[in-house]
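S.K.: Quick one, what's the 3D model for this:
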Amino acid sequence: MGSRPDQHVFEQRLREHRRLIAKVASVYAAGAEDRRDLEQEICVQLWRAFPGYDERRARFSTWLYRIALNVAISQVRSSAAGAGRLEPLQPHHLETIGADEAPERDERLVALYAFIGQLEPLNRALILLYLEDRSYAEIAEVLGISETNVATKLGRIKQTLRDRMVAAEA
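M.R.: Prediction:
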């Protein structure tokens, strides 16, 4: 029988990284209640997985992102009402996404987050990590894809975004 994780250590790490969980929930859930539910489910899964966490293999934030994104993507894919529970990112989501302070709320930024909200779940996770200034290596590790695949997908997402932004300004 494996040893039980130190609850105090887990709770402290969870407090330190609570913002990451909130960001993931904001990107994948609609409405405050759904976001709270998703955050809670992520925390439950983190607790269940914590005994297997090995700091020699991954930073805590990388491990947390991997689990949080897997929970969120699984919930989107498995929910029979998934399409009805999702909403495009709105300006009020900017409070939990991106830099420590909410970016300026101009039309281009609103368009950017609306575009992100329309992406498939895996691409949404990829761009979320990219906007967090994660390296390609870390994004690849979190998502379980190659660095080359990260670069390719990001290149396509950026080009599509550029095309949409230019079209919107025309």
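
S.K.: which element follows the least confident helix or strand in the chain by mean pLDDT toward the C-terminus?
M.R.: The helix or strand of the chain with the poorest confidence is helix 82-85; it has a mean of 46 (mean pLDDT, DSSP states H and E). Per DSSP states H and E, helix 82-85 leads on to helix 107-118 as the next helix or strand towards the C-terminus.

S.K.: what about Arg162, distance to Trp47?
M.R.: For Arg162, the distance to Trp47 equals 41 Å [C-beta to C-beta, to the nearest Å]. For every residue, glycine as well, the C-beta is placed using N, CA and C.

S.K.: what's the answer for Arg13, then?
M.R.: Arg13 is 11 Å from Trp47, by C-beta to C-beta.

S.K.: Of the two, give the one with the bigger neighbour count.
M.R.: A count of neighbours by other C-beta atoms under 10 Å puts Arg13 above the other of Arg13 and Trp47, at 17 against 14.

S.K.: Does that one fall in a helix, a strand, or a coil region?
M.R.: State at Arg13, reduced to three classes by DSSP: H, G, I helix; E, B strand; the rest coil: helix.

S.K.: which one is it nearest to, not counting chain neighbours?
M.R.: Phe60 (5.7 Å; C-beta to C-beta, 6 or more residues apart in numbering).

S.K.: just for this protein, where's the confidence low?
M.R.: 1-5, 78-109, 170 (pLDDT under 70).

S.K.: let's see it at 50
M.R.: Applying pLDDT under 50 to the chain flags residues 1-3, 80-105.

S.K.: who touches the residue positioned nearest the centre of the chain in this structure?
M.R.: Nearest residue to the geometric centre of the chain (C-alpha atoms, centre = their mean): Val24, 3.5 Å. Counting by C-beta atoms under 8 Å, 6 or more residues apart in numbering, Val24 touches Leu38, Ile42, Tyr65, Ala68, Leu69, Ala72, Ala125, Leu128.

S.K.: ok, 6 Å please
M.R.: Ala68, Ala72 (C-beta atoms under 6 Å, 6 or more residues apart in numbering).

S.K.: how close does it sit to Arg164?
M.R.: Taking C-beta to C-beta, one finds Val24 at 24 Å from Arg164.

S.K.: And Ser61, by the same measure?
M.R.: Counting by C-beta to C-beta, the gap from Ser61 to Arg164 is 30 Å.

S.K.: Need phi/psi at Ser135.
M.R.: The phi/psi pair for Ser135 (degrees, to the nearest 10) reads phi -70, psi 160.

S.K.: Count the neighbours of it for me.
M.R.: Count around Ser135 with other C-beta under 10 Å applied: 12.

S.K.: show me where this structure has helices.
M.R.: Along the chain, counting by DSSP state H, helices occupy 7-16, 18-28, 31-49, 60-78, 82-85, 107-118, 121-131, 136-143, 147-169.
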